[in-house]
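Student: 3D model of this:
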Amino acid sequence: TIVGRWWRDESAEIDVLALDGATPVLVGECRWQKRKFTERDLAHLRARAARLGPVGTPTFALWSRGGATDAVLGHPDVRVFTCEDLLRWP
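Tutor: Below you'll find the predicted structure:
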């Protein structure tokens, strides 16, 4: 497994990308804003992930001070982490 950043020609950037071989298993975005991640933000992340080629069914991870809207939290393939979550990490 490889974890790192990914970008293409300054037109698409993914903050956290985890690969199992050549298969994306996690696509993530990090923010320091208090504004919550919205459905629109998730759609933009999914669009950037599509630039990787066939992505299968990766988990989408969002790290943010503000968390995410209830609509985003309702997606089974999305995990959201706030600062509080990171501080409670075992």
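
Student: The residue most central in space within the chain sits in which helix or strand?
Tutor: Computing the C-alpha centroid of the chain and ranking residues by CA atoms, centre = their mean puts G28 first, at 2.2 Å. Element membership for G28, per DSSP states H and E: strand 23-30.

Student: Okay, now the sheet partners of that strand, with direction.
Tutor: As defined by DSSP bridges, the strand partners of strand 23-30 come to strand 12-20 (antiparallel), strand 59-63 (parallel).

Student: Can you check what angle separates the next helix or strand after that strand from strand 59-63?
Tutor: Sequence order places helix 39-50 as the next helix or strand after strand 23-30, per DSSP H and E. Computed by axes from the mean of the first three to the mean of the last three CA atoms, to 10 degrees, the angle separating helix 39-50 from strand 59-63 equals 130 degrees.

Student: Which strands or helices does helix 39-50 pack on?
Tutor: strand 12-20, strand 23-30, strand 59-63, helix 70-73 (3 or more CB pairs under 8 Å, 6 or more residues apart in numbering; DSSP states H and E). Every residue, glycine included, has its C-beta placed from N, CA and C.

Student: that older thread, among the strands paired with strand 23-30, where is the model least confident on average?
Tutor: Lowest mean pLDDT of the strands paired with strand 23-30: strand 12-20, a mean of 87.

Student: before we move on, the earlier item: for the strands paired with strand 23-30, which one sits closest to K36?
Tutor: Set against K36 and scored by CB to CB, these come closest in strand 59-63, at 9.5 Å.

Student: can you list contacts of the closest one?
Tutor: Residues outside strand 59-63 that contact it (CB atoms under 8 Å, 6 or more residues apart in numbering): 16, 25-31, 37, 41-42, 45-46, 49, 68, 72, 75, 77-82, 86.
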